[in-house]
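A.B. asks: this one's structure only:
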Ligand code: GLN
């Protein structure tokens, strides 16, 4: 079976609430099905932009970390990451990693931090922070609820060509106003869902994997014994409401 190459972008600086667990979940669910899974950690500095990846994962971070990585982002990663998105590489971006794909971020001091502009949305810091458990319904995989944790000051407003990842059932989501959560653009899956998200949302993890596996001619995945994962999801959904 093919080896799927996962890039963990800014692995050491964007990793709130166990976001690295998303990479572990994707790797294990590939290996349990007989695929190879190779994880490359890509933080600051130059790299060979011709390296091929099937999935790029970006975790969340506080404003401070987002501020210090922008120099590296624009010096070494911006053109490459935008090109990957436009070439339909699968991207999973969580919270701060999500925000960084948009046009800009207006901080609580009114500064306008320019971000990638690869996906049409913007984010504006707000107070009080949006913190708590979140449940949202996504139409992925025939439609299912996703349970996660959110903690962000940023309110994100999607542009015209960008669909939400889901609709908020409980919690704030993108901005606590329009009922949307996350963003979908080409093969980008972006969400405010921390936790880590994927270990207790196996159907969502498999949607991300299938998005990447399509380019390897694989359109369905064998069933796994998800009794533990689904028990964790049920517990979260029951708890979060
Ligand atoms: N610093 C951003 C905000 O507060 C993102 C936070 C996060 O990644 N959890 O909105």
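C.D. replies: Alright, I've got the coordinates. All values derive from a computational prediction rather than experimental measurement.
A.B. asks: so what secondary structure elements neighbour whichever helix or strand residue 135 is part of?
C.D. replies: In this assignment (DSSP states H and E), residue 135 forms part of strand 121-138. Using 3 or more C-beta pairs under 8 Å, 6 or more residues apart in numbering; DSSP states H and E, the elements in contact with strand 121-138 are strand 104-106, strand 144-158, strand 166-170, helix 227-240. All C-beta atoms are positioned from the backbone trio N, CA, C, and that covers glycine.
A.B. asks: run through who's touching the shortest one.
C.D. replies: Okay, so that is strand 104-106. 66, 99, 112, 113, 114, 115, 117, 122, 123, 124, 125, 154 (C-beta atoms under 8 Å, 6 or more residues apart in numbering).
A.B. asks: go again using 7 Å as the cut-off
C.D. replies: When contacts are defined by C-beta atoms under 7 Å, 6 or more residues apart in numbering, strand 104-106 is touched by residues 99, 112, 113, 114, 115, 122, 123, 124, 125, 154.
A.B. asks: straight-line length of stretch 29-38, end to end?
C.D. replies: This stretch, stretch 29-38, spans 13 Å end to end (C-alpha to C-alpha, to the nearest Å).
A.B. asks: what is the rounded mean pLDDT of that stretch?
C.D. replies: The predicted model assigns stretch 29-38 a mean pLDDT of 98.
A.B. asks: buried sites along that stretch?
C.D. replies: Within stretch 29-38, the residues scored as buried using 16 or more other C-beta atoms under 10 Å are 29, 30, 33, 35, 37.
A.B. asks: and stretch 78-93, by the same measure?
C.D. replies: Applying a neighbour-count criterion of 16+ other C-beta under 10 Å, one finds 78, 80, 81, 84, 85, 89, 90, 91, 92, 93 buried in stretch 78-93.
A.B. asks: cool, and stretch 50-68?
C.D. replies: Across stretch 50-68, burial judged by 16+ other C-beta under 10 Å covers 53, 54, 55, 56, 57, 58, 59, 60, 61, 63, 65, 66.
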